[in-house]
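Student: can't give you the sequence, but here's the structure:
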């Protein structure tokens, strides 16, 4: 009997929400997470304060983890993957990499994304210079509470954040906007200034997309209260100067001349790639991928959170770049779809 | 000064080029092309400006840019390698230059005149440059380093351990067959037609030379056949 069980793959914000909602409705949730901790990217990558709540990731996501851990209707498999899936909507059997078998009527793929690997943009110096970091590394530095150059521990006078690293870039096959980086970077600039008031932060952008309510709370606030400088320029190269600083070469497109500016730390605002496991996920679960490599969305208006396979649902960043808040909302929606369809199957049978 | 209709025609010719849509997808105005452009460091030239003028169909400013700016591009194509939209500003400049020649613009003639000597060298020897062209007077931009190539060129070239490079009038030796094949390519690709539009006198000199070389080649072929008999 599996029509009371939903298999949730991935224990990030959307998966944790899906499992909690399945359980709250009186169904059973079985979670499968490939890592040895729950929480997904915000926990594994050590995010600092979340947008837009301003709560520390470990507190906010921590509450979500505790909620499922404390729920008797949620079973959790850590360090496990789904190796095989057989059956059909209403009656799936999943074989896990740890040998366990799970019977479930529906599956929710909350398999998320993979951070862009900055090594793929070598001209921006990541992997070449110690003081070139990614936003996740910078968030870890903020979480640790001290802003310093990794090369020699000095307090940086000037930090710049390069937007659209691994996003909006046809040269490397990333034709999507990663959606969150503008706001995350404006937030990060404020966190840096808060911890290190003598550090000036510059943000280099193609467009600023702090959409909706993020405009005044992040874009404007970072300028008005934290003096973050926004420069409309895509950086061509990051090189080293003779005195141990980094040189950033760009065009100030509003002043219309090429510029070379020294910085102490350069931060890549890395984008969201499709989960690196998606080819495998696509095969195991028999679901299609859209053209960029994310999970293909079914017709959205009446098959919300659907995939190309009946009985398998998805949510959050598995579908494409997504915010944490919207991933959570979609996790709830996917749970609703899954248990709604299971309920309909049971009704039909009786 | 051209009339608006003439400027519009020039733009239409640029836009009508079969490469145009491949080189220009749109523009995010990020400036990475200008940031990475070596010419932009030294001249009043900006690949982003060229792209913007074309994308916004600013026919007057396009005409203006074709007077001087487009000739500052070194055609290194770093802009094309960097552009996140995969535009090719350098490729657009190439199209604009060809259209400038087609319209016999004075700017094109002025810019290309100093290259007449190189063109003649290329056609007659198959080499763009030869050691005997490198004289201090001709390369003021090389600065004091030019002194290093002064001296007995023939002796200096003998020091190169490659036989085909031990020449002074040419950079290397080009066979007659290769030269004749090159003439055909230049003819079929319109290079010689462009030359005619830019410098009729030079074109006449070169045309005569080509005819002569082709005759030489025919004769050589006949000799080969006779030898075979």
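Tutor: Now that the structure is in, tell me what you want to look at. Because the structure is predicted, anything quoted here is derived from the model rather than measured. Numbering: from 1, shown residues only, chains lettered A, B, ... in the order given.
Student: close to chain B: what parts of the stretch 151-300 of chain A are there?
Tutor: Residues of the stretch 151-300 of chain A that fall close to chain B, judged by C-beta under 8 Å from any C-beta of the partner chain: A:164, A:168-171, A:206-207, A:232-237, A:249-253, A:256, A:258-259. Quick note: C-beta positions are derived from backbone N, CA and C, even for glycine.
Student: please redo it, this time with the cut-off set to 6 Å
Tutor: Residues of the stretch 151-300 of chain A that fall close to chain B, judged by C-beta under 6 Å from any C-beta of the partner chain: A:168-170, A:206, A:233-234, A:236, A:249-251, A:253, A:258.
Student: domain map for chain A?
Tutor: Listed by automatic domain parsing, the domain ranges of chain A are A:5-112+A:275-349, A:118-272.
Student: weed out the non-buried ones from the residues of the stretch 151-300 of chain A next to chain B.
Tutor: By the neighbour-count criterion of 16 or more other C-beta atoms under 10 Å in any protein chain shown, those include these buried positions: A:168-169, A:206, A:233-234, A:236, A:249-251, A:253, A:258.
Student: after the helix or strand hosting residue A:189, which helix or strand is next?
Tutor: Using DSSP states H and E, residue A:189 sits in helix A:181-195. Sequence order places strand A:200-205 as the next helix or strand after helix A:181-195, per DSSP H and E.
Student: give me the contact list for the helix or strand following that following strand.
Tutor: Sequence-wise, the next helix or strand downstream of strand A:200-205 (DSSP H and E) is helix A:214. The contact list for helix A:214, computed with C-beta atoms under 6 Å, 6 or more residues apart in numbering or on different chains, reads residue A:183.
Student: who in chain B is up against chain A?
Tutor: For chain B, the residues in contact with chain A (C-beta under 6 Å from any C-beta) are B:28-32, B:34-36, B:40-41, B:84-86.
Student: how does it look with 8 Å?
Tutor: Counting by C-beta under 8 Å from any C-beta, chain B sits next to chain A at B:28-37, B:40-41, B:46, B:48-49, B:81-86.
Student: okay, and which of the residues you listed map to helices?
Tutor: B:32-36, B:40-41, B:48-49, B:81-82 (DSSP state H).
Student: quick check, nearest of those residues to residue A:200?
Tutor: residue B:35 (20.9 Å; C-beta to C-beta).
Student: just confirm the closest one contacts residue A:247, I think it does.
Tutor: No: between residue B:35 and residue A:247 no contact is recorded; they are 11.9 Å apart, counting by C-beta atoms under 8 Å.
Student: and the residues of the stretch 151-300 of chain A next to chain B as CSV, adding distance to residue B:105?
Tutor: Formatted as CSV, those follow (distance: C-beta to C-beta, whole Å):
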residue, distance to residue B:105
A:168, 37
A:169, 36
A:170, 33
A:206, 34
A:233, 33
A:234, 32
A:236, 31
A:249, 33
A:250, 33
A:251, 28
A:253, 29
A:258, 28
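Student: hmm, back to that, just the buried subset of the residues of chain B next to chain A, please.
Tutor: Buried among the residues of chain B next to chain A (16+ other C-beta under 10 Å): B:28-37, B:40, B:46, B:48-49, B:82-86.
Student: give me the domain ranges for chain B.
Tutor: B:4-103, B:113-228.
Student: about what we covered before: got a list of contacts for the helix holding residue A:189?
Tutor: A:48-49, A:51-52, A:135, A:138-139, A:142, A:145-147, A:159, A:161, A:163-164, A:167, A:199, A:201, A:203, A:205, A:208-210, A:214, A:218-219, A:221-222, A:225-228, A:267, A:269-271 (C-beta atoms under 8 Å, 6 or more residues apart in numbering or on different chains).
Student: now swap in stretch A:91-101 and tell me
Tutor: A:2-3, A:7, A:32, A:77, A:79-87, A:102-107, A:311.
Student: most widely separated two among the residues of the stretch 151-300 of chain A next to chain B?
Tutor: The most widely separated members of those are A:170 and A:258, with 22.5 Å between them, by C-beta to C-beta.
Student: what about the helices in chain A?
Tutor: A:13-24, A:41-44, A:57-69, A:135-144, A:181-195, A:214, A:221-224, A:278-285, A:324-349.
Student: buried ones in the third one?
Tutor: Looking back up the chat, that one is helix A:57-69. A:57-58, A:60-62, A:64-65, A:67-68.
Student: and the fifth one, by the same measure?
Tutor: With burial defined by 16+ other C-beta under 10 Å, the residues of helix A:181-195 counted as buried are A:181-193, A:195.
Student: same check, this time on stretch A:210-223
Tutor: Buried residues in stretch A:210-223 (16+ other C-beta under 10 Å): A:210, A:214, A:217-219, A:221-223.
Student: pull the most distant pair out of the residues you listed.
Tutor: Taking C-beta to C-beta as the measure, these span a maximum distance of 13.3 Å, between A:214 and A:223.
Student: what about residue 139, neighbour count?
Tutor: All of this is about chain A. Applying other C-beta atoms under 10 Å in any protein chain shown, we find 23 residues neighbouring residue A:139.
Student: my question was about chain B, not that one.
Tutor: Around residue B:139 there are 13 residues (other C-beta under 10 Å).
Student: and residue B:227, by the same measure?
Tutor: Per other C-beta under 10 Å, the neighbour tally for residue B:227 reads 7.
Student: chain center to the helix or strand where it lies: distance?
Tutor: In this structure, residue B:227 sits in helix B:200-228 according to DSSP H and E. In this view, helix B:200-228 has its centroid 25 Å away from the chain centroid, taken as C-alpha atoms, centre = their mean, to the nearest Å.
Student: who are the packing partners of it?
Tutor: helix B:116-125, helix B:176-188, helix B:191-198 (3 or more C-beta pairs under 8 Å, 6 or more residues apart in numbering or on different chains; DSSP states H and E).
Student: got those as JSON lines, with mean pLDDT and mean neighbour count columns?
Tutor: Shown next, in JSON lines, are the helices and strands packed on helix B:200-228 (pLDDT from 0 to 100; neighbours: other C-beta atoms under 10 Å in any protein chain shown):
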{"stretch": "helix B:116-125", "mean pLDDT": "85", "mean neighbour count": "17"}
{"stretch": "helix B:176-188", "mean pLDDT": "93", "mean neighbour count": "14"}
{"stretch": "helix B:191-198", "mean pLDDT": "94", "mean neighbour count": "17"}
